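> I need the structure of the sequence given here:
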Amino acid sequence: RLHTEDFTKEGSVSKLELNPVDEPSKLIASSRSPRFSPDGKKLAFLATRDVVTHNTCSTLAIMDWEAKKTATVVDVVEEPEANYTEDATTAFNGIYSGWLPKQCWSDDGKFILLETDLGSRQVWKNVDATTGKIHHPQYVEGDKIATECVLDRMDNWFLVATSSPTHPASVYLVQVDYTTGKYCQTPICIENQQGSSCHIGEWHVLSVPTSVSDIPASKKNIPETPEILKPHLLPLSSSSAPFEATVWLPSSKKPDEGYPVIVDLHGGPHGNSPVTYRVMYEYMAALGYAIVNINYRGSVGYGIGPLESLV
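The predicted structure follows:
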């Protein structure tokens, strides 16, 4: 919840009423990371519904500070966009972030910067504070983006760090047109780690369908729930959206029988295994192993439907 503190009265703290003006705002159960616009007239914050999972999909809401009225600018996303794995530069599967950057507002108060998980990738977006339209910025590595985050911002200049399975973080200074997302000039490289991996040859993010290929498994009947348990169980949630697997391949020559494989699963369960540089994977690849990392259904970054299919 959001609270205000009266510094003229010691220990005076009161709850800030949201006064929602739309249906999504009426569902807000918790809020965090308040950030005032440069002119102090608007308060942006992240919020979540009363949900059954942690690390759930968040909403971006804005309060008119004078009127104390709250509107949702970006609502939760139920299902991931089609082809989000292939269209990583322009897709958006919802907000998965613990906080807004301290410098999230543009200087003119028209845009809000946020970072989020897009399936296995980590990206940043600019949001129109009035319409809620998502503006997709140009990324340093283009369609091969794995992870790109904003370290700092001033006006339309962004200090970004990029990483992928084949290199640790490289740092660039980019100038971005908020409306088009295009670069105003060529990115300025501050620290270049491109190609520094010695043992990871290539990597791929693969879309994995949820359909069951095993015929006996697909015909298996789900047992009936006893009546006595039904009042105590959560509503069933499912999703047919695909999940993702990331494959790291060694740079060494592939043996005739193929690479031995290590499968790595993240914990949580409502977490995410991002596509980024990992020293441990570098070591495994040096030993000749391929690594498969799976963001199964129930991982964050894929919409609230797939997330709540694992509760």
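> Now do the phi/psi pair for the most centrally placed residue in the chain.
Residue closest to the mean C-alpha point of the chain, counted by Cα atoms, centre = their mean, is Asp117 at 1.6 Å. Backbone geometry at Asp117, expressed as degrees, to the nearest 10, gives phi -90, psi 130.
> That one and Val300 touch, don't they?
Yes. Counting by Cβ atoms under 8 Å, Asp117 does reach Val300; the two are 5.6 Å apart. Backbone N, C-alpha and C define where each C-beta goes, glycine included.
> can you list residues touching both of the two?
Taking Cβ atoms under 8 Å, 6 or more residues apart in numbering as the criterion, Asp117 and Val300 both touch Tyr96, Asn272.
> ok, back up a step: check the secondary structure at the nearest residue to the residue nearest to the centre of the chain once chain neighbours are set aside for me.
Nearest residue to Asp117, sequence neighbours excluded (Cβ to Cβ, 6 or more residues apart in numbering): Gly301, at 3.2 Å. Classification of Gly301 by DSSP: H, G, I helix; E, B strand; the rest coil places it in coil.
> ends of stretch 268-280, how far apart?
The straight-line separation of the ends of stretch 268-280 (Cα to Cα, to the nearest Å) is 20 Å.
> Could you pull out the strands in the stretch 201-311 of the chain for me?
For the stretch 201-311 of the chain, the strands defined by DSSP state E, counting those that start in this stretch cover 243-250, 261-265, 290-295.
> other SSEs contacting the shortest one?
Translated: strand 261-265. strand 290-295 (3 or more Cβ pairs under 8 Å, 6 or more residues apart in numbering; DSSP states H and E).
> number of nearby residues for Tyr277?
19 (other Cβ atoms under 10 Å).
> For burial, what's the neighbour tally of Glu23?
9.
> how near is it to Asn221?
38 Å (Cβ to Cβ, to the nearest Å).
> what about the longest helix in this structure?
What stands out as the longest helix in the chain, according to DSSP state H, is helix 279-286.
> can you give me the helices for the stretch 1-150 of the chain?
23-26 (DSSP state H, counting those that start in this stretch).
> Relative to Ser273, how far out is Gln193?
21 Å.
> sorry, that was for Ile134
24 Å.
> still on that earlier bit, make JSON lines from the strands of the stretch 201-311 of the chain and add mean neighbour count to it.
Converted to JSON lines, these look like this (neighbours: other Cβ atoms under 10 Å):
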{"stretch": "strand 243-250", "mean neighbour count": "22"}
{"stretch": "strand 261-265", "mean neighbour count": "13"}
{"stretch": "strand 290-295", "mean neighbour count": "21"}
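> Of all these, which one comes closest to Asp39?
With Cβ to Cβ as the criterion, Asp39 lies closest to strand 290-295 of these, at 40.0 Å.
> Tell me the helices and strands packed up against the closest one.
strand 243-250, strand 261-265, helix 279-286.
> any chance of the ones you listed in a markdown table, plus mean pLDDT and distance to Ser30?
Putting the helices and strands packed on strand 290-295 into a markdown table (pLDDT from 0 to 100; distance: least, Cβ to Cβ, whole Å) gives the following:
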| stretch | mean pLDDT | distance to Ser30 |
| --- | --- | --- |
| strand 243-250 | 95 | 27 |
| strand 261-265 | 95 | 29 |
| helix 279-286 | 96 | 35 |
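> So for Lys69, which of the ones you listed sits nearest?
strand 243-250 (38.7 Å).
> which stretches of the stretch 51-200 of the chain aren't confidently modelled?
52-53 (pLDDT under 70).
> Please enumerate the strands of it.
Counting by DSSP E, counting those that start in this stretch, the strands of the stretch 51-200 of the chain are 59-64, 69-74, 111-118, 121-128, 134-135, 147-154, 157-164, 167-175, 188-191, 200-208.
> what sits up against the fourth one?
In other words, strand 121-128. Contacts of strand 121-128 (Cβ under 8 Å, 6+ apart): 60, 73-74, 88, 92, 106, 110-116, 133-137, 139, 145-150, 160, 176, 178, 181, 205, 274-276, 301.
> any idea how far Leu16 is from Ala61?
12 Å.
> Tell me which of these two has more neighbours.
Neighbour count, other Cβ under 10 Å: between Leu16 and Ala61, Ala61 has more, with 25 against 16.
> Would you list the phi and psi of the residue lying closest to Ile304 once chain neighbours are set aside?
Distances taken as Cβ to Cβ, 6+ apart put Cys57 closest to Ile304, at 4.4 Å, once the chain neighbours are dropped. Note on Cys57: backbone dihedrals following degrees, to the nearest 10 are phi -70, psi 130.
> Quick check: Cys57 vs Ala241, distance?
For Cys57, the distance to Ala241 - Cβ to Cβ - is 13 Å.
> what's the overlap in contacts for those two?
Residues touching both Cys57 and Ala241 by Cβ under 8 Å, 6+ apart: Gly303.
> Which of these two has more residues huddled nearby?
A count of neighbours by other Cβ under 10 Å puts Cys57 above the other of Cys57 and Ala241, at 26 against 21.
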